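K.L.:
The following comprises the amino acid sequence and a computationally predicted model.
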Amino acid sequence: MVEIKDSDLQRAALEGMDEFIQVFTDTCKAILGEEGSAENMHLLTGEQHALLSYAIFREEIMAGGFCQLIQNGYGGYIFDNPFAKAMRLFGLEEFSKLIYKAKKIFDANREDLERERTDEEFMAMYEQYEAFDDLEEAFMESEEYITAKLAEYVDEHLELFAKIV
């Protein structure tokens with residue numbers, strides 16, 4: 001089980017919801033090492049994976065959208081796992097629907113979206129996959145709310161995410 005010091009959690013909570021979630025995700029990343037692999041995925045619970053998935057999703061979408069998320073190798077981790085279902089179970093139904101909409105685009109174009117590209121080809125993806133634009137915009141408009149609700153869920157269900165020591 002993931003262990004987090006109560007003092008670290010209290011400090012992060014005072015700094016804000018992003019920092020609160022980051023205490024959990026940083027600990028999960030440390031357990032998995034630099035590169036998570038199929039061999040060590042079992043070290044985290046489904047809830048911990050869902051929280052880590054959100055952190056990755058948020059970081060990638062805010063930096064470069066779905067094209068970047070997929071090109072950086074996270075498409076399968078986000079869309080082939082029950083991330084959207086977990087978000088719905090955590091009380092984030094609209095966000096869950098957004099992920100399912102993106103998954104439809106991903107599934108229909110997976111081979112092309114995941115292929116190696118030059119920098120120029122990567123930049124051209126943003127025009128080719130404009131279907132992601134509205135979803136990215138919707139996420140960015142609601143990101144603070146989603147992050148706050150997720151932090152609230154984690155706070156109310158700490159035992160699912162870590163042992164506080």
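P.N.:
It's in.
K.L.:
Look up the pLDDT of residue 36 for me, please.
P.N.:
Note on residue 36: pLDDT of 64.
K.L.:
let me fix that: residue 31
P.N.:
For residue 31, the pLDDT comes out at 87.
K.L.:
and the strand or helix carrying it, how far out from the chain's middle?
P.N.:
Using DSSP states H and E, residue 31 maps to helix 17-32. Relative to its chain's centre, helix 17-32 lies at 12 Å (Cα atoms, centre = their mean, to the nearest Å).
K.L.:
Which neighbouring elements make contact with the next helix or strand after it?
P.N.:
Using DSSP H and E, the helix or strand that follows helix 17-32 towards the C-terminus is helix 46-71. Packed against helix 46-71 by the contact rule (3 or more Cβ pairs under 8 Å, 6 or more residues apart in numbering; DSSP states H and E) you find helix 17-32, helix 75-79, helix 83-89, helix 93-114, helix 119-128, helix 133-156, helix 158-161. C-beta coordinates here come from the backbone N, C-alpha and C atoms, glycine included.
K.L.:
Tell me the buried residues in the second one?
P.N.:
For helix 75-79, the buried set under the neighbour-count rule, 16 or more other Cβ atoms under 10 Å, comprises 75, 77-79.
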